[in-house]
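J.: Here you go, sequence then predicted model.
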Amino acid sequence: MLFLLIAQLVATLGKIVFLFAFVLTVVPLLVWAERRISAWIQDRKGPNRVGPAGLLQPLADLIKFLSKESFVPERAERFLYNLAPLLMLVPALMVGAVIPWSKPIPPDSWIGYWLSAVDWAPEGIPFQVIDVDIGILYFYALASLGVYGVILAGWAANNKYTLLGGLRASASMVSYELSLGLSVVVVLLMTGTLRINGIVDWQQGAWLVFYQPLACLTFMVTVFAENNRLPFDLAESEQELVGGYHTEYGGIKFALSMLAEYAHMAINSALIASLFFGGWRWFGLEDRLPWWATLLLFIGKALFFMFFFIWVRWTFPRFRFDQVIHLGWKVLLPMTLGNAIATAVALVLVERSGWPLWPVVMAGQVVVVAGAILGSTIQTRRLQARAAAS
C-alpha cells in the first residue's frame, strides 16, 4: 500500500514538473517567435545575432534582467509591489493543472510498469495533474484572479500611469468576464459536463468548433482581452501610459510580469485546443497512436494558437478604450447571451423532435448573428440621423 501511494505521488510530481518545464521552455521560444514573426510580417530580419537565427536571444535577455538593479519606488506599497508579479503568474500555472495533455499512459508501458500502474490505474495514468469535476468552473475562477496581479501592480507602484493601467485592466475584465462565462456555458450545454476530460471525450467524432463556431470566436476574443494582448492591451498602451501597469518594474520583476503574460498565452492556447478543437484527439486517429504521439499532437495544436496570438497582435491596430468597452458590452455580451439561449432551445428541440443536432444548432447561431447585424445597422442609422439633425 505504501509503495502504491508513493507511485501515485511520483506520478503527480512528474506531471507537475512537466507543466513547469513546458511553461519555462515555451515562454522563451514564444519571446523569440514573437520577435521573428513580427519581423517577418513587417519585412524585417528580427533577432539574428545571438545564436543561430537568434535562438539564444531569450537567454541574453534573461542575463540582462538578472544583472539589472531590482529597485522599489520610494512611495510604493512594498509588499504588494513585490507580490503582484507572482499573482499574475500563479493563476496561469494553476489553470494548466486541469488540462488533459494526452491520452492516458497505458499501464503496460515502461512508465506504467515502473509505477506499477496496473494496481492503481488499470485504465491508464491520466496525463493531467488533477481531474476535478468542476474543471471549467476552476478555470473561470482562476481566470478572474489573474487580473488582480495587474491591478495591484498598477496601484502599489504609486504612479498615475501604472494606476491608469490597472484601472483599465479592471474595466476590461468586468466587460469581458461575462462574455467569457457565457461562451463557456454554451460548451457545458453541448457536452453536459464540467470536466475538461469529458469535453475532450465528447469531441471524439467531431470537434466542438464545427457545432459552435460562434462560441469559439467569442471565447477567443474574450481570452485575448483577458490576456491584455493587442488589440486589447490598453492596460499597457505604451503610446499613452508609458508602460502601463508595469512602468515602475525593472529587472527580474519585469521579467516575471512578461513570463506571466506569455504563460497565460500558452495555457490559454492549450485551453482553446481542449474546449473547441478536440484536445489530444484527431477524428479517431488517436486510438491508433501511442500516448506520446497524442501529447505531441496536442502541443502542436497549442503552438498553432500561440502563433495565432502573435499574428493577431502584429496585424490589427490597438482599439480605443471606448471601442473596447463598447465591444464587450454592446456586441459580445448580447451575442454570447443570445447564443446560450439559442443553444438551449436547439437542444430541447433536438431532444423532443429527434431532429439532427448540427443543423438546428447552426440555425440558432445564424439567427443570433443576423440579429446582431440587424441591431448594429439600426443603431448606426439612428446615430447618422441624429448627427444629420444636429
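T.: Sure thing, it's come through.
J.: Let me see the backbone angles for Thr315.
T.: Per-residue torsions, Thr315: phi -110, psi -40 (degrees, to the nearest 10).
J.: wait, isn't it in contact with Ile41?
T.: Yes - between Thr315 and Ile41 there is a contact under C-beta atoms under 8 Å: 6.9 Å. (Each C-beta comes from the backbone N, C-alpha and C, glycine too.)
J.: Secondary structure element for Glu34, which one?
T.: With elements taken from DSSP states H and E, the one containing Glu34 is helix 2-41.
J.: I'd like to know which elements that helix is packed against.
T.: Packing partners of helix 2-41 (3 or more C-beta pairs under 8 Å, 6 or more residues apart in numbering; DSSP states H and E): helix 57-67, helix 78-96, helix 117-120, helix 251-276, helix 291-313.
J.: Of all the residues in that helix, which ones are buried?
T.: Neighbour-count burial for helix 2-41 flags 7-8, 11, 15, 19, 22-23, 26-28, 30-39 (criterion: 16 or more other C-beta atoms under 10 Å).
J.: and what of stretch 171-186?
T.: Buried, per 16+ other C-beta under 10 Å, within stretch 171-186: 171-173, 175-186.
J.: can you tell me which of those residues are in strands?
T.: Taking DSSP state E, every one of those sits outside strands.
J.: Quick check: of those, which lies closest to Ala156?
T.: Met173 (17.6 Å; C-beta to C-beta).
J.: so what's Phe316 closest to, chain neighbours aside?
T.: Pro231 (4.6 Å; C-beta to C-beta, 6 or more residues apart in numbering).
J.: residues touching the one you found, list them.
T.: Each residue near Pro231 by C-beta atoms under 8 Å, 6 or more residues apart in numbering is listed here: Phe224, Val312, Arg313, Phe316, Pro317, Arg318, Phe319.
J.: Could you dump those into a markdown table with pLDDT added?
T.: Listed next are the contacts of Pro231 as a markdown table, based on pLDDT from 0 to 100:
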| residue | pLDDT |
| --- | --- |
| Phe224 | 86 |
| Val312 | 90 |
| Arg313 | 87 |
| Phe316 | 85 |
| Pro317 | 83 |
| Arg318 | 81 |
| Phe319 | 81 |
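J.: Looking at those residues, spot the one nearest Ile341.
T.: Phe224 (24.4 Å).
J.: wait, isn't that closest one in contact with Val312?
T.: Yes - if you go by C-beta under 8 Å, Phe224 and Val312 touch, sitting 6.9 Å apart.
J.: what about these two, which has more around it?
T.: Phe224 (22 against 16; other C-beta atoms under 10 Å).
J.: give me phi/psi at the closest residue to Gln203 other than its chain neighbours?
T.: In this structure, Gln203 finds its nearest non-sequential neighbour in Gly278, 4.4 Å apart by C-beta to C-beta, 6+ apart. Per-residue torsions, Gly278: phi 80, psi 0 (degrees, to the nearest 10).
J.: ditto for Arg229
T.: Taking degrees, to the nearest 10 as the convention, Arg229 sits at phi -100, psi 150.
J.: Look up how far Ile134 lies from it.
T.: 27 Å (C-beta to C-beta, to the nearest Å).
J.: what do you get for Phe79?
T.: Taken as C-beta to C-beta, the span from Phe79 to Ile134 is 32 Å.
J.: What of Asp322?
T.: 36 Å.
J.: likewise Gly278?
T.: For Gly278, the distance to Ile134 - C-beta to C-beta - is 22 Å.
J.: check which helix or strand covers the residue lying closest to Ala84 once chain neighbours are set aside.
T.: Nearest-residue entry for Ala84: Ala153, 3.7 Å, with adjacent residues in sequence omitted and distances by C-beta to C-beta, 6+ apart. Ala153 belongs to helix 135-156 when assigned by DSSP H and E.
J.: Please work out the angle formed by the directions of that helix and helix 251-276.
T.: Going by axes from the mean of the first three to the mean of the last three C-alpha atoms, to 10 degrees, helix 135-156 is angled at 150 degrees with respect to helix 251-276.
J.: So what angle separates the directions of helix 135-156 and helix 78-96?
T.: Using the same axes, to 10 degrees, helix 135-156 lies at 160 degrees relative to helix 78-96.
J.: For helix 135-156, buried residues please.
T.: Applying 16+ other C-beta under 10 Å to helix 135-156 flags 135-136, 138-139, 142-143, 146-156 as buried.
J.: now stretch 295-308
T.: So, applying 16+ other C-beta under 10 Å, buried residues of stretch 295-308: Leu295, Leu297, Phe298, Ile299, Lys301, Ala302, Leu303, Phe305, Met306.
J.: mind listing what Leu19 touches?
T.: Leu93, Gly96, Ala97, Val129.
J.: With Ala143 instead?
T.: Pro91, Val95, Glu177, Leu180, Glu226 are the contacts of Ala143 under C-beta under 8 Å, 6+ apart.
J.: Now do the contacts for the closest residue to Tyr81 other than its chain neighbours.
T.: Closest residue to Tyr81 apart from its sequence neighbours, by C-beta to C-beta, 6+ apart: Ala156 at 4.1 Å. Residues near Ala156 by C-beta under 8 Å, 6+ apart: Ala76, Glu77, Leu80, Tyr81, Ala84.
J.: CSV please, covering the residues you listed and showing neighbour count, distance to Trp202 and pLDDT.
T.: Shown next, in CSV, are the contacts of Ala156 (neighbours: other C-beta atoms under 10 Å; distance: C-beta to C-beta, whole Å; pLDDT from 0 to 100):
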residue, neighbour count, distance to Trp202, pLDDT
Ala76, 18, 48, 78
Glu77, 16, 46, 81
Leu80, 16, 42, 86
Tyr81, 21, 44, 85
Ala84, 29, 38, 85
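J.: Which member of these is positioned nearest Gly328?
T.: The closest of those, once distances to Gly328 are taken by C-beta to C-beta, is Ala84, at 24.0 Å.
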